[in-house]
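Visitor: sequence and predicted structure, then a few things I'm wondering about:
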Amino acid sequence: MRNDLLIRNCLFMLAICMSIMPLHAQEGGFTLSEAVDYAIKHNLNVKNSQLDAISAEARIGEIRAAGLPQVAANVSLTDNLIIQRFFLPANFADPTASADAPPVALEFGVKKQGAASATLNQLIFNGSYFIGLKAAATYRELSQKNMVQSKVNVAEAVTKAYYSAQVAEEKAKVLDYNISRIDTLMRETVEMNKSGFVELLDVNRLEVQQNNLLTERQKVQNLIELSYTLLKYQMGMPLTEPVKLTDTINDLDIEKLRTETAPATMNYENRIEYSLLNTQEKLAGLDLRNVRAGYLPSLSASLGYGHNNGSDTWGHLFGTKWFNNSVLSLNLNIPIFDGFTKRYQVEQKKIAIDKVKNGQILLKQSIDLEASQAGINIKNAFATLETQKRNLDLAQEIVRVSKIKYKEGVGSNIEVINAESSFKEAQTNYFAALYDLMIAKVDLSKAKGELYTE
C-alpha cells in the first residue's frame, strides 16, 4: 500500500518537475542536513514564500508613500470648435427693447485655450494612515513567519523522503545478500542432485525461491528510483541530476534517539503555526483600531500653481503673455454620521478577533493531540523495532541451523526454504519498523516545533 502511494505521488510530481530550472548537485553527496539546506535554497515553494516577503515589503512601502507629498502636473490645450452661447435678456444690450423681445445669444469665450498647472497635496493627519504604519511592521512579521512555515514543511518532506530512500537502499543490500546465499545453496544442491543425494524437486524449489528473490530485488530497485525521484523533487533538484546520500541507516543511534525523543514540556511558541496566529491577532487588533480611527477628523493641505491663456488663434495663444494663478487650501474632514456603518464594522472586527482567539485555543489542543499521538507512535515504534530485531536474529539463527541439518542429511530442503522465507519476511518487517520509527521521530520533532529552526 505504501509503495503504491509513493508511486502515484512520484508520477504526479514528475509532471510538475519538468519546469524546474537546471541546478547542480554538490559533489560528494548529501547528508540529511545538507539535503534540507539545499531544499531551503532551491525548493519552489520556499522561493514563492520569499517572493511573498519581497512583495510584502513593497506593500509596506506603498502604505508609507500615502503620507508623503503627492505632486501632479497637468497641461491642456483646448480648441473650442463651436463656442457655447450664453443667453441674456434683450434689454441687456438694448435698454429700449420690449420685455417680450427674444433674448440675446452671445458667444462667451475664445476658440483657443491653454493651461499648465502643478498641484502639491500633503496629508497632515489621518488616523487610519498612522494605524497603517503600525500595521506595516506586523505585516512584515507575518510574511517572514509564512516563509518559515514554508521551510518547515519542506524540511519535513525532504527528511521523510531521505529516510525512504535510505530504507530502500538497505532493503536492496539485504536482498543482494539473500540472493548471494540462495545462489550458493542452489549450486550446492545442484551438485548434490547430480551425485544422487537430493531429488530434482529440491532444486526446483530453490529455483522458485531464487526467482522470487530476483523479482523482489527488481521491485526494490524500482522503489529506489522512485524514492530518489521524490527526494529530488522535494529538494528542488532536476530529476536528471544525480544525487548521492552519505548518511546511512547504520548511523542511527537508537539509544540516543530514545533520549532525544523523551517526553518534554510543550512550548507552543516553538510552533510556527501558533506564532502565526499571534501575529494575525495583532493584525486583527490593528484592523479594529483602523475602523475606530475613522471617527477621527482628517486634515490635508494642497497647493496649486499654474498658467493659462486664451486667444482666437494658436499663434496669438503662444505669442502673448500667459497669466499666473495659484491656490492654497486646507481641508478638514469631520465625520458626523455615517448611518452606523463604522459601528457595524467595529462589531465585525471584534468578531474576527474572537475567532482568532478561538483558533489559538483550538491550535493548542491540536498541538497537544499531535504531540500525544507522536509520543505514543514513537513508543510503539521503539517496541515494534525491538520485537522485529529479535525476530530477525531468531530467523537468522533458524536459517543457520536448518542449513546445517540439511547438509548433514537430517533436515529437508523444504525446511531450508521455509527458513529462508521467514528470514526474508523478518528482514522486511525490521526495515518497515525502522522506517516507521524514523517517520515517528520526524512527526514528534514537528509537533514539538523542533524540526526546523533558523
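Guide: That came through, no problem.
Visitor: center of the protein - which residue?
Guide: residue 150 (3.8 Å; Cα atoms, centre = their mean).
Visitor: so which helix or strand takes in that one?
Guide: Using DSSP states H and E, residue 150 maps to helix 127-194.
Visitor: just give me the neighbour total for the closest residue to residue 149 other than its chain neighbours.
Guide: Spatial nearest neighbour of residue 149, excluding adjacent residues (Cβ to Cβ, 6 or more residues apart in numbering): residue 272 at 4.7 Å. To be clear about C-beta, it is placed using only N, CA and C from the backbone, and glycine gets the same treatment. By other Cβ atoms under 10 Å, 21 other residues sit near residue 272.
Visitor: what sits against residue 272?
Guide: The neighbours of residue 272, taking Cβ atoms under 8 Å, 6 or more residues apart in numbering as the test, are 145, 148, 149, 152, 449.
Visitor: in TSV: these, plus pLDDT.
Guide: Formatted as TSV, the contacts of residue 272 follow (pLDDT from 0 to 100):
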residue	pLDDT
145	92
148	93
149	93
152	94
449	89
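Visitor: tell me which of those residues is nearest to residue 217?
Guide: Closest approach between those and residue 217, by Cβ to Cβ: residue 152, at 36.6 Å.
Visitor: count the residues that sit near that closest one.
Guide: Other residues close to residue 152 by other Cβ under 10 Å number 19.
Visitor: and for the one 3 residues further on?
Guide: Each residue near residue 155 was counted by other Cβ under 10 Å, and the total is 26.
Visitor: what distance do you get for it to residue 452?
Guide: The gap separating residue 155 from residue 452 is 4 Å, by Cβ to Cβ, to the nearest Å.
Visitor: which residues do the two both contact?
Guide: The overlap between the contact sets of residue 155 and residue 452 (Cβ under 8 Å, 6+ apart) consists of residue 36.
Visitor: what's the first helix or strand after the helix holding residue 150?
Guide: Moving toward the C-terminus from helix 127-194, the next helix or strand (DSSP H and E) is helix 200-235.
Visitor: quick one: buried residues of that following helix?
Guide: 202-203, 205-206, 209-210, 213, 216-217, 220, 223-224, 226-235 (16 or more other Cβ atoms under 10 Å).
Visitor: angle of that helix against helix 127-194?
Guide: Helix 200-235 runs at 160 degrees relative to helix 127-194, counting by axes from the mean of the first three to the mean of the last three Cα atoms, to 10 degrees.
Visitor: which elements pack onto helix 200-235?
Guide: The contact analysis (3 or more Cβ pairs under 8 Å, 6 or more residues apart in numbering; DSSP states H and E) places helix 200-235 against helix 2-17, helix 32-42, helix 127-194, helix 413-447.
Visitor: of these, which is nearest residue 346?
Guide: Of all the helices and strands packed on helix 200-235, helix 127-194 sits nearest to residue 346, with 13.5 Å by Cβ to Cβ.
Visitor: and the closest one with helix 413-447, angle?
Guide: In terms of direction (the same axes, to 10 degrees), helix 127-194 departs from helix 413-447 by 170 degrees.
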